[in-house]
Each structure stands twice: as structure tokens, then as C-alpha cells.
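Participant: fold the following and give me the result.
(one chain, ligands or ions: 1)
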Amino acid sequence: MEDASTGSDSDYSNSWISWFLSSKGNEYFCEVEEDYILDRFNLTGLNTEVQHYSQALDLITDNLDDEIQDEFRGTLDVQARLLYGLIHARWIVTARGLAKMLEKYKKADFGRCPRVLCQSQPLLPVGLTDVPYEKSVKLYCGRCEDIYSPKSSRHGSIDGAYFGTSFPHLLFLVYPNLIPPKSGPVDFSANMRAGDVEGGRRNRRGREDQDPPADSMTEGFSTAAAALKADRYRPRIFGFQVHEIAKLQRWQEAVRDRQIARLEQLEENV
Ligand SMILES: [Zn+2]
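Facilitator: Residues are numbered from 1 along each chain as shown. Below you'll find the model as predicted:
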């Protein structure tokens, strides 16, 4: 079925994990080392989250009895994937797990930021919740500090809980030299905004038929309302906001609030 495996036949048939990792759509996952899985301490509490826990564990560690009926294998496979995902979320925030994900990040296995100004910054997977079956995985950009949905639907349907809410922020905490440069965040963004406004004015003067704010106004669309609605992503490590980013976000939100107030004033005056 999967011909991507370059290992020998026995490798392929003997290891559930290598089969799982080589399956299409599972490219975001890294290999959880077997001794981590076999240390029951690391799996504390997972027996209440996964049905047929011990058989699912046997399946992913290749210790499952061959006599298990085929119809049960289907159910068991779903539970094994869930169990592997939940173990994976714990593993990638350990030192060895972070190092494995770092290799994938360097190869841009998780894709690149679609925002032009981020200049193809590689992304990192992140969950919006640590509870399974709630939210699919998102991709975090360390440069614009925003999150994006994966391009492919195969990746878009992966459970975010298999990566967890802390992973990318912990990676940057452990490897601070990898934090992408922002070219001086405060001044840079202030300059960009001033530049945008200047350019907009020039355009309007030059081409009177193209006046975007007026156009959108006729459709009953309020820029201020749209800006107010936009939710911001808040990086957290084990539920706590990341200090430096939180500080920057407070400043950015103050700027945004001022901008919204200006927009509201402009819209009132139309
Ligand atoms: Zn970005």
C-alpha cells in the first residue's frame, strides 16, 4: 500500500510507527522513540482518553496478538492513532522531541508563512486546545506571530491536540537563536503603517475612480467593525502567556485600538 518506505520489508511490516509516519497526511508527525512510549510514567492518564488502551498500546509498539479479529482491527487502529497523537503531543515538548521537530522545522516540513512580508518563514504546528476532537491543527509563524490553516485538507483534518498549545513557543524558548528576526518590531511596524497611509493618499489623488474605503462603505461594510472582530492569537506555554510576546501584544493592541477609533471617526463623518 505505502511504497514510500525505503526500509526492508521486515522493517515495514514490523513497525506500526514507521507505517504511520510514512502514511500520506502524517508528514507533520515525528517519530516518538520507543523507550519513551515504553516508560509507563510518560503515558499517565492516557488510559482514560483512549478506548481499548492496552491493545492500542500493543499495536503501536508492535506487540499485538495476531489473533485479533479483522473487524476489531479497524476500531483499534483509530484508537492507536489517537494514542500515538496524544503521546506525540507530550513527546515533542521533551528535549529529545523538540530536537526531532527542530529537524523538520529546518526542512520546512510544516510549510511556509503565506504572508509576503514574512519572506517564506517556515511554520510550526500548534493546537488551539490540548483536548482531542475539538480543533484541528494550525500553523504558527514565529515572524508575524499569527496562525494559519494548513493548505492541504489532509493536514487540515489532523487533530491539534496531537501537537498541543505549548510546542512552538517552547521550541523558541529552548532555541532562542531560532526566533526569526523582526527587523526591529516596534519602529518597523510603525513605519510600515505610516508608509501605507501615505501610499493610499497618493493613489486616491491619482485615480479617483478607485477609492477602496468608499467602495466598501457602499456595501455596508465597516472596516472598524471588521478590525474589532479579528481575534488575536495568544501564544501560551502550558496555559501561561509568553511574557515578552504578551508585552508586545499589549503595545500592538493599543496601536490597533487607536487605529480603530480613527476608522470609526472617519466612518461617522461620511
Ligand atoms: Zn508570518
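Participant: contacts and neighbour counts: CA atoms only from here.
Facilitator: Will do.
Participant: number of nearby residues for whatever residue of the stretch 101-250 of the chain ends up closest to the ion?
Facilitator: The stretch 101-250 of the chain approaches the ion most closely through residue 144 (4.0 Å), counting by CA to the ion. The number of residues packed near residue 144 is 15, by other CA atoms under 10 Å.
Participant: contacts only, for it.
Facilitator: Applying CA atoms under 8 Å, 6 or more residues apart in numbering, we find residue 144 in contact with residue 118.
Participant: going forward can the numbers begin at 27, since that is how I track them
Facilitator: Done: numbering now begins at 27, and the last item shifts to residue 170.
Participant: distance check, it against residue 274.
Facilitator: Using CA to CA, to the nearest Å, we find residue 170 at a distance of 12 Å from residue 274.
Participant: how about residue 86?
Facilitator: Using CA to CA, residue 86 is found at 43 Å from residue 274.
Participant: these two: which has the busier surroundings?
Facilitator: A count of neighbours by other CA under 10 Å puts residue 86 above the other of residue 86 and residue 274, at 22 against 13.
Participant: wouldn't that one be in contact with residue 106 here?
Facilitator: Yes: in terms of CA atoms under 8 Å, residue 86 counts as a neighbour of residue 106; the distance is 6.3 Å.
Participant: got any ranges where the stretch 177-296 of the chain has weak pLDDT?
Facilitator: Along the stretch 177-296 of the chain, segments meeting pLDDT under 70 span 209-247, 252-256.
Participant: okay, strands next: where are they in it?
Facilitator: Under the criterion DSSP state E, counting those that start in this stretch, the stretch 177-296 of the chain carries strands at the ranges 262-263, 266-267.
Participant: from the chain's centroid, how far away is the last one?
Facilitator: Distance, stretch centre to chain centre, for strand 266-267: 17 Å (CA atoms, centre = their mean, to the nearest Å).
Participant: so what strands line up beside that strand?
Facilitator: Next to strand 266-267 in the sheet, as set by DSSP bridges, lie strand 262-263 (antiparallel).
Participant: list the contacts of the strand it pairs with.
Facilitator: 191, 192, 193, 195, 196, 268.
Participant: residues from the stretch 77-226 of the chain in reach of the ion?
Facilitator: Contact residues, the stretch 77-226 of the chain versus the ion (CA under 5 Å from the ion): 139, 144, 167, 170.
Participant: list buried residues within the residues you listed.
Facilitator: The neighbour count (16 or more other CA atoms under 10 Å) marks 139, 144, 167 as buried among those.
Participant: just those residues: which are in strands?
Facilitator: Mapping those onto strands (DSSP state E) picks out residue 167.
Participant: want to throw the buried ones among the residues of the stretch 77-226 of the chain next to the ion into JSON lines with pLDDT?
Facilitator: JSON lines is the format used below for those (pLDDT from 0 to 100):
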{"residue": "139", "pLDDT": "95"}
{"residue": "144", "pLDDT": "93"}
{"residue": "167", "pLDDT": "95"}
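Participant: related to what we said a few turns ago, dump the residues of the stretch 77-226 of the chain next to the ion to JSON lines, plus distance to residue 118.
Facilitator: Below are these laid out as JSON lines (distance: CA to CA, whole Å):
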{"residue": "139", "distance to residue 118": "21"}
{"residue": "144", "distance to residue 118": "25"}
{"residue": "167", "distance to residue 118": "18"}
{"residue": "170", "distance to residue 118": "23"}
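Participant: between those residues, which is nearest residue 116?
Facilitator: residue 167 (21.3 Å; CA to CA).
Participant: hey, what's the closest one bridged with?
Facilitator: Bridge pairing for residue 167 - DSSP bridges - gives residue 149.
Participant: how about it, what does it touch?
Facilitator: Applying CA under 8 Å, 6+ apart, the residues near residue 167 are 139, 147, 148, 149, 150, 173, 174.
Participant: could you redo the last one with a cut-off of 7 Å?
Facilitator: Neighbouring residues of residue 167 by CA atoms under 7 Å, 6 or more residues apart in numbering: 139, 147, 149, 150, 173.
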